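[1] predicted model follows, preceded by the sequence.
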Amino acid sequence: MSSKANIDYKAELNRHLAWFETKLPPGPARFVGWLRKPSSKLVRFPLGILLIIGGIFSILPVLGLWMLPLGLILIAQDIPPLEKPVAQFLGWLERKWIERQRAKGIAIEGPDSTRSNGADSKI
């Protein structure tokens, strides 16, 4: 795998994460933005591992299967072999989100545009 391919997947991963960040309420969006910064690696990686472990034990109360992909998304920023599958998963998820919103008749913007109103911020 060439380094150019890694850079492309890293850029694609960052684009998807930035798009999903715009779908969050302001408080969680700020936290996710902070987690995405390179300086937050010492928090992001252990948090990702804890989320993965919590996802594995999803049969317990409070813990859930939702934790597993969230943990993988967090650690994919620091582990190059995970960038490609996570970027592909986020691309699929983004396409499904857009299709679902269009089917509901909600006007949405594409992943490369900025949000002008809060109409599409609800999950």
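    Ah, there it is. Source: prediction; values computed, not measured.

[2] now do the contacts for residue 18.
    residue 36 (Cβ atoms under 8 Å, 6 or more residues apart in numbering). Using the backbone N, CA and C atoms, a C-beta is placed for each residue, glycine as well.

[3] just the element for it, please.
    When elements are assigned from DSSP states H and E, residue 18 belongs to helix 3-22.

[4] give me the residue ranges of the chain where confidence is low.
    Residue ranges of the chain with pLDDT under 70: 1-7, 107-123.

[5] how far off centre is stretch 14-32?
    8 Å (Cα atoms, centre = their mean, to the nearest Å).

[6] okay, how far is it across that stretch, tip to tip?
    In stretch 14-32, first residue to last residue: 12 Å (Cα to Cα, to the nearest Å).

[7] show me what counts as buried in that stretch.
    15, 16, 17, 19, 20, 21, 23, 32 (16 or more other Cβ atoms under 10 Å).

[8] how about stretch 36-50?
    Across stretch 36-50, burial judged by 16+ other Cβ under 10 Å covers 36, 40, 44, 45, 47, 48.

[9] again with stretch 96-103
    Buried-residue list, stretch 96-103, by 16+ other Cβ under 10 Å: 97, 98.

[10] with only the CA atoms kept, save that stretch in CSV.
    Provided in CSV are the C-alpha atoms of stretch 96-103 (Å, rounded to 0.1, in the frame of the first residue of the first chain):
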residue,chain,number,x,y,z
LYS,A,96,-27.6,6.1,3.6
TRP,A,97,-28.2,9.1,5.7
ILE,A,98,-28.6,11.4,2.7
GLU,A,99,-31.0,8.8,1.1
ARG,A,100,-33.0,8.6,4.3
GLN,A,101,-33.3,12.3,4.6
ARG,A,102,-34.4,12.7,1.0
ALA,A,103,-37.0,10.0,1.4
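
[11] just the helices in the chain please.
    For the chain, the helices defined by DSSP state H occupy 3-22, 26-36, 41-56, 67-76, 80-103.

[12] the longest one vs helix 3-22, what angle?
    What separates the directions of helix 80-103 and helix 3-22 is an angle of 40 degrees, with axes from the mean of the first three to the mean of the last three Cα atoms, to 10 degrees.
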